[in-house]
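Student: fold the following for me, if possible:
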Amino acid sequence: MLNILIDYHQDILSGLKVTLLASLTVLVGSMIIGTLMALLQGAKRHWIRRIGNTYVNFFRNVPLLIIVMFFFVVLPLYGLKMNGILSGTIGLTLYTSSFIADTVRAGIEAVPKGQTEAGVSQGLTHFQIMFYIVLPQAFKLALPSLGNQFINLVKNSSILAMVAGADLMYQGDIIASTTFNTIGTYTLIGLIYLAMTLPLSYVMRYVEKKLAVS
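Tutor: Numbering: from 1, shown residues only. Predicted coordinates for the structure are as follows:
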């Protein structure tokens, strides 16, 4: 395993960069889309809620691989070509955002109604109440679940390997097929993923405890 790390460190670092970049991109995109869908789910008008609920239910219940392959295989048949990184990132963003939407929606519903009533009494608009009062508290309440989603996101980024996304898992597949040392290669790749997710888990627990004390 050490020999693999030494001989193929450049390939591993290249795949690691792609994994981290894709994960950060998906994190930002899924947070934006997920929050928007959570707001739609909590809208007063039925047809607006229907849009949010349909989005969340659809992408939550369709396998991630199917979503990614749709962008990588199906859309090019109609002239919209995408490489593995782009198709994997878009598919993972849509998939992850559906889970974040449910998490944020639960956080919004957990905010006491008195907070909204206090905003109304101060003459704030619905937009101001939501973004200055409700959402900050909702994110705080939903932080443990959001942390789990972030960790799952890093692990799910390995889906890029299925569409030649040049990520860490993809580089691991190439190294394993080249060296025929599958045990050593995948053990090393697994440890690298663990090195990324385990500290994140500890950080989220620390932040959660700090917020709970405050």
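Student: what stretches of the protein score poorly on pLDDT?
Tutor: Counting by pLDDT under 70, the ranges of the chain that qualify are 212-214.
Student: show me where it has helices.
Tutor: Taking DSSP state H as the criterion, the chain carries its helices at 2-7, 9-41, 46-61, 64-69, 84-110, 113-121, 126-129, 135-156, 168-179, 182-213.
Student: the shortest one packs against which elements?
Tutor: Judged by 3 or more Cβ pairs under 8 Å, 6 or more residues apart in numbering; DSSP states H and E, helix 126-129 is in contact with helix 113-121. All C-beta spots, glycine's among them, are computed from the backbone N, C-alpha and C.
Student: show residues contacting the helix it packs on.
Tutor: Counting by Cβ atoms under 8 Å, 6 or more residues apart in numbering, the neighbours of helix 113-121 from elsewhere in the structure are Q128, I129, Y132, I133, V134, Q137.
Student: okay, angle between that helix and helix 135-156 too, please.
Tutor: With axes from the mean of the first three to the mean of the last three Cα atoms, to 10 degrees applied, the angle from helix 113-121 to helix 135-156 works out at 130 degrees.
Student: quick one: distance of helix 113-121 to the chain centre.
Tutor: If you compare the mean C-alpha spot of helix 113-121 with that of the full chain, they lie 32 Å apart, counting by Cα atoms, centre = their mean, to the nearest Å.
Student: now do the buried residues in it.
Tutor: T116, G119 (16 or more other Cβ atoms under 10 Å).
Student: what's the answer for stretch 24-43, then?
Tutor: So, applying 16+ other Cβ under 10 Å, buried residues of stretch 24-43: 25-27, 29-31, 33-35, 37-42.
Student: list the contacts of M82.
Tutor: With the criterion set at Cβ under 8 Å, 6+ apart, M82 makes contact with F71, F72, L75, P76, I90.
Student: any chance of those in TSV, plus neighbour count?
Tutor: TSV is the format used below for the contacts of M82 (neighbours: other Cβ atoms under 10 Å):
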residue	neighbour count
F71	20
F72	23
L75	14
P76	12
I90	20
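Student: now for the residues you listed: which two are most distant?
Tutor: For those, the farthest-apart pair by Cβ to Cβ is P76 and I90; their separation is 13.2 Å.
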